[in-house]
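*Asks:* got a predicted structure here, sequence first:
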Amino acid sequence: MMPQTVQLIKRSQQSQTQQTRNQTQTNQNRAIIFDSGALISFSMNGITDIIKKLKEIFKGRFLITSEVKKEIIDVPMKIKRFELEALKLKQLLDERILEFPSSFGIKDSEVTKKRDEILNIANSTFNSEGKDIHIMDTGEASCLALGKMLNERKIKNVIVIDERTTRILAEKPENLRRFLEKKLHVKIRTKGNLRFFKDFKIIRSAELVYVAYKKRLVKLKNGDVLSALLYAVKFKGAAISGDEIEEITRLNSFKS
């Protein structure tokens, strides 16, 4: 073999190795964090295959915390009514579609410490008649904790949360007091903690369903598939209104 050919082969191999390293680095710098509600919605609607297909096109990791695993697998596995859904989600974990924070070198104990900090801040932010109002549970707080830790490591991430209160807290925290007053029918005071929650990026399972539909990852063809998918996740807990669904499907039909 001629020396020039050997050099070309070596350069090609080096280039391929560098491309692989770059791709690995890219995968290490992006993540989607799932709260339990969104995953349960996918499972109960029989569309966990969408999560698998989204993972195939997403250059990054799909993460859950230990707290979320308890809520979607450990506890429901012991209840016959929910065992099948838990098995579907466990399969995603077994196939490494879903991964733990350890894939980024983050320990459970670190997440737990940050989770407790966030719980304390969130659940002491709003007050009525001298009593703090509980607005966040451990699963959601663990997702925010992981998101904050990834932010500190310069790893881009979004958190999939369907629960309305936590999403408003992250997206428009100044509106949450009015939302809670309307919901609880009491006068509420706010402490100066709202800015703490402004750096989180939140999406709903409805957004993931929409992306999957637009990327042609959904194989259903007959009927208004997009509307059916959005209403399915709505009825399993996604905070999306019927008017919003109708507007999305109308715009999608117009664009098509």
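*Replies:* Great, that's in hand.
*Asks:* quick one: the helix or strand hosting L226 to chain centroid distance?
*Replies:* Element membership of L226 [criterion: DSSP states H and E] is helix 225-234. Its chain's C-alpha centre and that of helix 225-234 lie 18 Å apart, by C-alpha atoms, centre = their mean, to the nearest Å.
*Asks:* put the alpha carbons of it into CSV.
*Replies:* Taking C-alpha atoms only, helix 225-234 is exported to CSV below (Å, rounded to 0.1, in the frame of the first residue of the first chain):
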residue,chain,number,x,y,z
VAL,A,225,-54.7,12.0,15.2
LEU,A,226,-53.2,15.1,16.6
SER,A,227,-56.4,16.2,18.4
ALA,A,228,-56.9,12.6,19.7
LEU,A,229,-53.3,12.5,21.1
LEU,A,230,-53.6,15.9,22.8
TYR,A,231,-57.0,15.1,24.4
ALA,A,232,-55.6,11.8,25.5
VAL,A,233,-52.8,13.4,27.6
LYS,A,234,-55.2,16.2,28.7
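*Asks:* elements contacting it?
*Replies:* helix 36-44, helix 205-214, helix 242-255 (3 or more C-beta pairs under 8 Å, 6 or more residues apart in numbering; DSSP states H and E). Glycine gets a C-beta too; all of them are placed from N, C-alpha and C.
*Asks:* mind listing what the residue nearest the centre of the chain touches?
*Replies:* In the chain, the C-alpha closest to the average C-alpha coordinate belongs to V160, at a distance of 2.3 Å (C-alpha atoms, centre = their mean). By C-beta atoms under 8 Å, 6 or more residues apart in numbering, the contact set of V160 is I32, I33, F34, D35, A38, I202, I203, R204, S205, L208.
*Asks:* go ahead and confirm the fifth one touches E207.
*Replies:* Right, the one you point to is A38. No. Using C-beta atoms under 8 Å as the test, A38 is too far from E207 to be in contact (9.9 Å).
*Asks:* surely M149 touches V111?
*Replies:* Yes. M149 lies in contact with V111 (C-beta under 8 Å); the separation is 7.0 Å.
*Asks:* of those two, who's got more company?
*Replies:* A count of neighbours by other C-beta atoms under 10 Å puts V111 above the other of M149 and V111, at 23 against 18.
*Asks:* which non-adjacent residue is nearest V68?
*Replies:* Excluding the flanking residues, the one nearest V68 by C-beta to C-beta, 6 or more residues apart in numbering is S36, at 4.8 Å.
*Asks:* and the gap between the one you found and H185?
*Replies:* Distance of S36 to H185, given as C-beta to C-beta, to the nearest Å: 28 Å.
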